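Student: Kindly return the folded structure for what I paste below:
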Amino acid sequence: MAIDLDILLQRNLVIMVWSGIVNDDQSAEALQTYATHPDARIGQDILSDMSGVETGYFDLPKRLALQASLDRVLGLGDKTRTIVYFAPTPQSQELADQYAALWDATPSVTAHVTENEAEALALLKITAGSIAEVLDRNE
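Tutor: Next up, the predicted model:
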């Protein structure tokens, strides 16, 4: 599996594009890469494109421990953050629902799961026609 990570400072946005088989180790690596990246900022919105996910494995205790260790960047602070999971398949929706539920206890984070790419972009007030277009505009 691959997780491509792009931080778009001018949009205050992180885009993670997931593909293949998702497991906790790869998810942890992507989040740690983001949390330690020099462009990571409290309050950056996250768009997770899970359209390429074939299947996934979710270990709740492992994921909770990881999330707690990364709260410095991901959940704390006085700035709000929106996380949108674009999950157009049943496999990606199941995984995205589990990830989104983890944010329920974090008041500064609002997480959404949608199977519609246009809705995912609209939730983040992005007017581009696709995630690929957002990435292309910022190269």
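Student: okay, CA-based contacts and neighbour counts for the rest of this
Tutor: Fine.
Student: what secondary structure does the residue nearest the centre of the chain sit in?
Tutor: The geometric centre of the chain, computed from its C-alpha atoms, lies nearest to S48 (C-alpha atoms, centre = their mean), at 3.7 Å. Secondary structure of S48, reduced to three states by DSSP: H, G, I helix; E, B strand; the rest coil: strand.
Student: List the contacts of it.
Tutor: I15, M16, V17, W18, I83, V84, Y85, F86 (C-alpha atoms under 8 Å, 6 or more residues apart in numbering).
Student: what about the last one, distance to D78?
Tutor: This points to F86. 26 Å (C-alpha to C-alpha, to the nearest Å).
Student: burial of Q10, as a residue count?
Tutor: For Q10, the number of neighbouring residues by other C-alpha atoms under 10 Å comes to 7.
Student: Could you double-check that K79 sits in contact with P107?
Tutor: No. The pair K79 and P107 fails to qualify as a contact (C-alpha atoms under 8 Å) at a distance of 10.2 Å.
Student: quick one: low-confidence ranges for this structure?
Tutor: With pLDDT under 70 as the threshold, the chain has low-confidence stretches at 1, 63, 66-77, 139.
Student: So I46 versus R11, what's the distance?
Tutor: Counting by C-alpha to C-alpha - I46 and R11 are separated by 11 Å.
Student: And the two? Which one has more around it.
Tutor: Each of I46 and R11 had its neighbours counted (other C-alpha under 10 Å), and the higher figure belongs to I46 (21 against 13).
Student: Just grab the bridge partners of that one for me.
Tutor: Beta-bridge partners of I46, counted by DSSP bridges, are V14, I83.
Student: could you list every residue that touches it?
Tutor: L13, V14, I15, M16, R81, T82, I83, V84.
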